[in-house]
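# Based on what follows, work out the 3D shape:
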Amino acid sequence: MNDKIVEFQELGAEHLFAFVDVADAIGVEKFAEVFKQENLKGIVDASQEKGNSKETTKAAEKAEALKKDSGIAVAMKLLAVFIKGLHSAKEPIYAFFASCTNLTIDEIKNMGLVPFTRMIKEFFAKEELHDFFVEVSELFSTAQ
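Predicted structure coming up:
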């Protein structure tokens with residue numbers, strides 16, 4: 001089994017397109033469900049609070065912390081969808097992780113269970129991913 005150390009690249013637009021292939025294989029509607037209004041309440045509240053509290057730094061910091069926590073919550077819900085759909089998106093998942101790490105598709109296919117699980121966990125824990133989910137959530141909340 002390949003237990004090579006996984007190094008993630010900085011995520012960019014190309015990785016988003018590769019992730020859409022994963023979402024498509026699992027079911028885009030399952031991912032979209034996470035972005036429904038009731039799941040975005042913390043992010044919407046934080047955005048409104050930040051917009052209403054420009055006069056105090058403490059209130060703005062509180063709103064940013066709420067946004068960050070909400071971004072983490074969205075990431076965890078998306079992780080659950082991802083894990084539940086692993087069986088239906090095997091090849092797109094291999095290709096996605098090969099596109100955003102230092103590993104090849106074959107190296108990912110041959111990973112041990114623990115390193116593979118760790119790679120998924122590390123991906124969904126990436127700070128830039130949480131920030132991205134906050135941005136997407138805000139986009140969805142204004143569209144609803």
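# contacts, neighbours, all on C-alpha from now
Noted.
# Any idea how far apart the tips of stretch 123-132 sit?
13 Å (CA to CA, to the nearest Å).
# same question, stretch 112-132
For stretch 112-132, the separation between the terminal residues is 29 Å (CA to CA).
# ok, and for that stretch, which residues are buried?
P115, F116, M119, I120, F123, F124, K126, L129, H130, D131 (16 or more other CA atoms under 10 Å).
# Quick check: nearest residue in space to the third one, chain neighbours excluded?
The reference is to M119. Leaving aside its chain neighbours, M119 sits nearest to V6 (6.9 Å; criterion: CA to CA, 6 or more residues apart in numbering).
# For this protein, just list every one of the helices.
13-26, 28-34, 41-52, 57-84, 90-100, 105-109, 113-124, 127-143 (DSSP state H).
# By mean pLDDT, show me the worst of the ones you listed.
Among the helices of the chain, helix 41-52 carries the lowest mean pLDDT, a mean of 56.
# what's the spacing between E7 and K30?
E7 is 28 Å from K30, by CA to CA.
# So which bits of stretch 99-114 are buried?
Along stretch 99-114, these residues count as buried under the neighbour rule (16+ other CA under 10 Å): S99, C100, T101, L103, I105, E107, I108, K109, M111.
# Go through these and name the one nearest L86.
Closest to L86 out of those is K109 (12.9 Å), distances taken as CA to CA.
# Wait, that closest one touches Y94, no?
Yes - counting by CA atoms under 8 Å, K109 touches Y94, with 6.8 Å between them.
# and the gap between E29 and T117?
Counting by CA to CA, the gap from E29 to T117 is 24 Å.
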